[in-house]
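K.L.:
okay, predicted coordinates and the sequence, questions at the end:
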Amino acid sequence: MEQDQQGYQIPIRTTKVIMNDARQRHADVRAVILPDVTLYKSRSFIIVPDVQEPAVIPSNPVAAQETAATPAKPADVQETPVAPEKAAEAQETAATSAKPAEAQETAAAPIKPVEAQADAVAPAKPVADQATAAVPAESPASQAEASAPEPAPQPLSDDDVLRHTTMLWQYKDIPDESVEPDRKPETYAMHRNTPAGGMYGARVRGKKHKHEGTNSDDWFAIDAVDRIQLIAVADGAGSKHFSRIGAYAASEQAVKYLKEKLTDLTAPCDAVETFYAPFDEATDGTAFQAAVQPLVLALQQSMQEAREAVETAYEQRAEQPRYADVLGRKPVLADFASTLLVTIALPAGATGDTLVLSCQVGDGMIAAIDAAAPFDKAQRLLGKPDSGEYVGETEFLVSSRVTETAELQKRTMLYRGHVTHIFAMTDGVADDYFPNEKEMRRLYCDLLANGVLLPPKGVLRATPGTLEDALEERRSLRNIKPIAFPWVNDKSVEVALHYTRRFAPTEDALAPYWTDQRKLAMLSADADIAPGDPIEQRIAKWLDNYTVRSSADDRTLVVAVREAEA
């Protein structure tokens, strides 16, 4: 056994597991922490959606750098504000309205004092002289004002840019089944009640798909066997036309297989607690190893079963003319490419801890959250996004290499510890909360601040003890307001949401809200998410409406609660 600074590395066959040194119970997750990298773009053009209004090149070079990074999506466009007119020009415009020339000159001439009225009956001056006399001499102050340089255009705020970009997105319906086979709904949400806690998930069609009038590529599946929760999340390759079919087949088959396998594993036990008991033993002990090995094998086999399901879906459609008509050629297996993230969560004996097993092919993220833990120990990543040969590529389930046993063993992770929530998401959410090594806590806080989730009962702090404490708490929250952006589906509807990055942009600023999560729950009263709606519908509304820059992909999020909500 090799011990490092973080704990113990325990081999389960060749599956890599790291356990920490607190009673050899809590397992830390192997994850590569990516360095913070700032990318500087050199392209100066901007691609915007195909709409009637012209695109305006932003005056802010930083915004141009960021928007140039996503040529396949509508850009974050800044409009240059129109500079105010000069005072002298405004006066001249007002003085030259639709009056006759003589009336204009008379109106423009200054009134003379009484002593000088005798001069008013003097013989008429030549026309040229009259015109000259009608224009009063400019004062030095007026001359200075007229010659002053125009104020420089002010850059638009991030909120203005986001609002402008949101207005550029168009909404088009999903193609009819007669036009596009295997049509998927605009929004998909579901829940499962389990003895361990509720399971909630939602998937929404991304802005890019709405703009183009195409199907969503994401799918997810959830189920349970007693207190064992099962999750599968899949994201079809955006460049592959029928990847949504692969995502659906992979996620549904993975969960179906696991439910059947775990039902078989638990059936011989006289009581289900007998099945959970060994997971509280020492992780390098014989009992733990013997009990966890069938789970590891079932998890890895579910990935192989998922790939076979994708192959079957392809074979069933390969000879059908309507699929070839859509592509203009015969389909191939790569047209059904998808990622897949699978998770099993179960009780670790009678200690109250949770054992989590995960396996991942492609991008996205799985994370365990302990809302009762200190801020710096509150999250564990249970996945490692991988990429292909080129930047921006990712691995897909259609590759036979990634589902080989040796490869799946490298992709399998185990964690044991106190867990209140498990998150599984596609990259449409994970990329908005990057770097994941820090930002999964922010994701949890955003869900609290908008009333999507409630803090666990044990996390709610007591109410302020005195009137002064209550007033101080109210003052600290008074200036935190949600911001509303138009809904892409109907721009006459605006949805107001909280963003913790606005009032707690750093980890140090966010930590106090983690310590007192009741404050985040209080903020949710101002958000446009109805607290009485089912949790899965609240997740769907939040996913469909939170607005961040360069975010246009499908969004899928599954939340498995490991203890009762407040």
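P.N.:
Here it is on my side, so go on. Numbering: from 1, shown residues only.
K.L.:
show me where the stretch 151-300 of the chain has its strands.
P.N.:
187-194, 197-204, 218-225, 228-235 (DSSP state E, counting those that start in this stretch).
K.L.:
mind putting those into CSV with mean neighbour count?
P.N.:
Quick note: C-beta positions are derived from backbone N, CA and C, even for glycine. Output for those, formatted as CSV (neighbours: other C-beta atoms under 10 Å):
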stretch, mean neighbour count
strand 187-194, 17
strand 197-204, 25
strand 218-225, 24
strand 228-235, 30
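K.L.:
got these as a markdown table, with distance to residue 516 and mean pLDDT columns?
P.N.:
Formatted as a markdown table, the strands of the stretch 151-300 of the chain follow (distance: least, C-beta to C-beta, whole Å; pLDDT from 0 to 100):
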| stretch | distance to residue 516 | mean pLDDT |
| --- | --- | --- |
| strand 187-194 | 28 | 96 |
| strand 197-204 | 23 | 97 |
| strand 218-225 | 31 | 97 |
| strand 228-235 | 29 | 97 |
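K.L.:
could you dump those to a markdown table with distance to residue 160?
P.N.:
Listed next are the strands of the stretch 151-300 of the chain as a markdown table, based on distance: least, C-beta to C-beta, whole Å:
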| stretch | distance to residue 160 |
| --- | --- |
| strand 187-194 | 28 |
| strand 197-204 | 25 |
| strand 218-225 | 30 |
| strand 228-235 | 31 |
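K.L.:
quick one: low-confidence parts of this structure?
P.N.:
Applying pLDDT under 70 to the chain flags residues 1-148, 387-393, 460-472, 564-566.
K.L.:
longest helix in it, by residue count?
P.N.:
What stands out as the longest helix in the chain, according to DSSP state H, is helix 286-317.
K.L.:
give me the buried stretch members for the helix or strand just after that helix, please.
P.N.:
Using DSSP states H and E, the helix or strand that follows helix 286-317 towards the C-terminus is helix 321-327. Of the residues in helix 321-327, 323, 326 count as buried by neighbour count, 16 or more other C-beta atoms under 10 Å.
K.L.:
okay, helix 321-327 in CSV with CA atoms only?
P.N.:
What follows is helix 321-327, C-alpha atoms only, in CSV (Å, rounded to 0.1, in the frame of the first residue of the first chain):
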residue,chain,number,x,y,z
PRO,A,321,-34.2,5.3,-45.8
ARG,A,322,-35.4,8.2,-43.7
TYR,A,323,-32.2,8.3,-41.7
ALA,A,324,-30.2,8.2,-44.9
ASP,A,325,-32.4,10.9,-46.4
VAL,A,326,-31.6,13.2,-43.4
LEU,A,327,-27.8,12.7,-43.8
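K.L.:
picking up where we left off before, go through the strands of the stretch 151-300 of the chain and name the closest to residue 503.
P.N.:
Across the strands of the stretch 151-300 of the chain, residue 503 has its closest neighbour in strand 197-204 (25.4 Å, C-beta to C-beta).
K.L.:
orientation of the closest one relative to strand 228-235 in degrees?
P.N.:
10 degrees (axes from the mean of the first three to the mean of the last three C-alpha atoms, to 10 degrees).
K.L.:
which neighbouring elements make contact with strand 197-204?
P.N.:
Contacts defined by 3 or more C-beta pairs under 8 Å, 6 or more residues apart in numbering; DSSP states H and E place strand 197-204 against strand 187-194, strand 218-225, strand 228-235, helix 535-545, strand 555-561.
K.L.:
ends of stretch 386-398, what's the gap?
P.N.:
In stretch 386-398, first residue to last residue: 15 Å (C-alpha to C-alpha, to the nearest Å).
K.L.:
what of stretch 189-198?
P.N.:
So stretch 189-198: terminal residues 14 Å apart, C-alpha to C-alpha.
K.L.:
and the contacts of it?
P.N.:
199-203, 222-224, 226-229, 345-347, 534-537, 539-540, 560-565 (C-beta atoms under 8 Å, 6 or more residues apart in numbering).
K.L.:
then stretch 507-522?
P.N.:
Here stretch 507-522 makes contact (C-beta under 8 Å, 6+ apart) with 371, 375, 378, 438, 441-442, 445, 448-449, 451, 454-455, 459-461, 463, 473, 476-477, 500, 503-504.
K.L.:
of those residues, keep whichever come out buried.
P.N.:
Buried among the contacts of stretch 507-522 by 16+ other C-beta under 10 Å: 371, 378, 441-442, 445, 448-449, 451, 454-455, 459, 473, 500, 503-504.
K.L.:
which one of these is nearest to residue 174?
P.N.:
residue 451 (28.7 Å).
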